[in-house]
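**Student:** need coordinates for the following:
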Amino acid sequence: MPQESDNISRVHLDGKEYILIGTAHVSKKSAELVKEVIDAEQPDSVCIELDQQRYQSISEGNKWKEMDIFKVIKEKKASLLLMNLAISSFQKRMAKQLGVQAGQEMIQGIESAKENGAELVLADRNIQVTFSRIWGNLGLKGKALLLSQIVYGIFSNESISEEELEKMKSQDMLDSMLQEFTESFPRLKKPLIDERDQYLAQKIKEAPGQKVVAVLGAAHVPGIKEEIKKDHDLASLTKLPPKSKAPKIIGWSIPALILLIIAYTFIANPSAGYQQAISWVIWNGSLSAIGTAIAFGHPLAILTAFIAAPITSLNPLLAAGWFSGAVQAYMSRPSVKDFETLTEDVFSVKGFWKNKVTRVLLVVVLANLGSSVGTFIGGADVIRLFFQNL
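**Tutor:** Below is the predicted model of the structure:
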């Protein structure tokens, strides 16, 4: 029977025994430890750090083949999907380097629960709820920092040894890492670590049977050991933050202001008004088209971005990337092979541009980014010409 160690913690509470296994998500030794503990302990329940969405993603590996790229664009999920793929790419590159499947310890937990007749409990909070609460609790500076760290992780070629991963699972290293994390980015730690510790602890505590094994990321074990002694309201932990009205107000105010300035200038000085209109079209259209070109978009997708951006920038309900992305998907339609090789292609930055699925997503995101930059530059030039011709 495995004894308590740096990676195995035992908690006895109200006549039940909880065995917490701290794992590294791309460690071969972690997967072996999960099997060893479950086989030896014969628990009534096995809790794993997955929600229903991620569980389906693991158990239905060919789900990508059923994805409708047009539906993704229509439902405005291109940016979210691209970000998920990018984060997944970083984890999978590490896993491939170590010769282990990403999330292998969770897969092992699922298989061992089935082999030993234990009830499987999906103990983690819905990933979209976590993302929403993270994003909702960050200010503008925090959002910029988070995105920059994610982008750095995607493009970084830094490698890590399995020995280093195992060191990260030790208690002292973990406490030190979390302390540094809290000091540098406290707003992100609350929804990503603290709230999920509470959610996971409550789900583990509610798992059926007298003996429960929980397969967890090592970062959550210290918090769960404390939070499991308390009662937590799962409903409040899954409540989405209220949407701020500020983005909507700003989104409509800027186009309205631009249109009013151009209209007034046309009446007062038609020549200057014409210059403003041309500046608005050139900046918006050109930068959106450049973004599409950087994504290696089809020529018609580039042209679509140029035409659509000056118009969509005046309507917050529309985005240039949706139109250029739809044209890209139509002109260079992803094949079955693209969906089949998607998880392999995202191993590298080059693969994001090579695969037709991710290229469509890149077209949507970069066309929108170019249009946003063009809106600020073009808008500033419109205002400049307005004051210059007063």
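
**Student:** for A113, list the residues it contacts.
**Tutor:** Counting by C-beta atoms under 8 Å, 6 or more residues apart in numbering, A113 touches I38, S45, V46, I48, E119, L120. Every C-beta, even on glycine, is put in place using the N, C-alpha and C of the backbone.

**Student:** I'd like to know how many residues surround the second one.
**Tutor:** Okay, so that is S45. Using other C-beta atoms under 10 Å, S45 has 22 neighbouring residues.

**Student:** gap between the closest residue in space to it that isn't next to it in sequence and A295?
**Tutor:** Take S45 and drop its neighbours on the chain: the residue closest to it by C-beta to C-beta, 6 or more residues apart in numbering is A207, 4.0 Å away. For A207, the distance to A295 equals 46 Å [C-beta to C-beta, to the nearest Å].

**Student:** more neighbours, those two?
**Tutor:** Neighbour count, other C-beta under 10 Å: between A207 and A295, A295 has more, with 29 against 22.

**Student:** what's the residue nearest to the more buried one when sequence neighbours are not counted in contact with, if anything?
**Tutor:** If the residues on either side of it in the chain are set aside, A295 comes closest to L362, at 3.8 Å by C-beta to C-beta, 6+ apart. Residues in contact with L362 (C-beta under 8 Å, 6+ apart) are L82, A295, F296, F352, W353.

**Student:** do the same with L120
**Tutor:** S45, V46, I48, G109, I110, A113, K114.

**Student:** how about it, secondary structure?
**Tutor:** Three-state assignment for L120 (DSSP: H, G, I helix; E, B strand; the rest coil): strand.

**Student:** same question for N368.
**Tutor:** Going by three-state DSSP: N368 is helix.

**Student:** surely it is in contact with A319?
**Tutor:** Yes: the criterion here is C-beta atoms under 8 Å, and N368 meets it with A319 at 5.1 Å.

**Student:** mind picking the one among the contacts of A113 that's closest to G15?
**Tutor:** Proximity of those to G15 (C-beta to C-beta) peaks at S45, which lies at 14.6 Å.

**Student:** and the strands in the stretch 1-150 of the chain, which stretches?
**Tutor:** For the stretch 1-150 of the chain, the strands defined by DSSP state E, counting those that start in this stretch cover 8-13, 16-23, 45-48, 119-122.

**Student:** can you check the stretch 151-300 of the chain too?
**Tutor:** Going by DSSP E, counting those that start in this stretch, the stretch 151-300 of the chain shows strands at 211-217.

**Student:** mind showing which ranges of it have poor pLDDT?
**Tutor:** 151-188 (pLDDT under 70).

**Student:** run the last query once more with 50
**Tutor:** Residue ranges of the stretch 151-300 of the chain with pLDDT under 50: 168-178, 180-181.

**Student:** which residues of it fall in helices?
**Tutor:** 162-168, 171-184, 186-189, 195-206, 221-227, 234-237, 246-268, 270-294, 299-312 (DSSP state H, counting those that start in this stretch).

**Student:** what angle do the fourth one and strand 211-217 make?
**Tutor:** Interaxial angle, helix 195-206 versus strand 211-217 (axes from the mean of the first three to the mean of the last three C-alpha atoms, to 10 degrees): 160 degrees.

**Student:** which secondary structure elements does helix 195-206 contact?
**Tutor:** Here helix 195-206 touches strand 16-23, strand 45-48, helix 127-136, strand 211-217, helix 221-227, helix 234-237, going by 3 or more C-beta pairs under 8 Å, 6 or more residues apart in numbering; DSSP states H and E.

**Student:** figure out which of the ones you listed is closest to T375.
**Tutor:** Minimum separation from T375 across the helices and strands packed on helix 195-206 (C-beta to C-beta) falls at helix 127-136, 21.5 Å.
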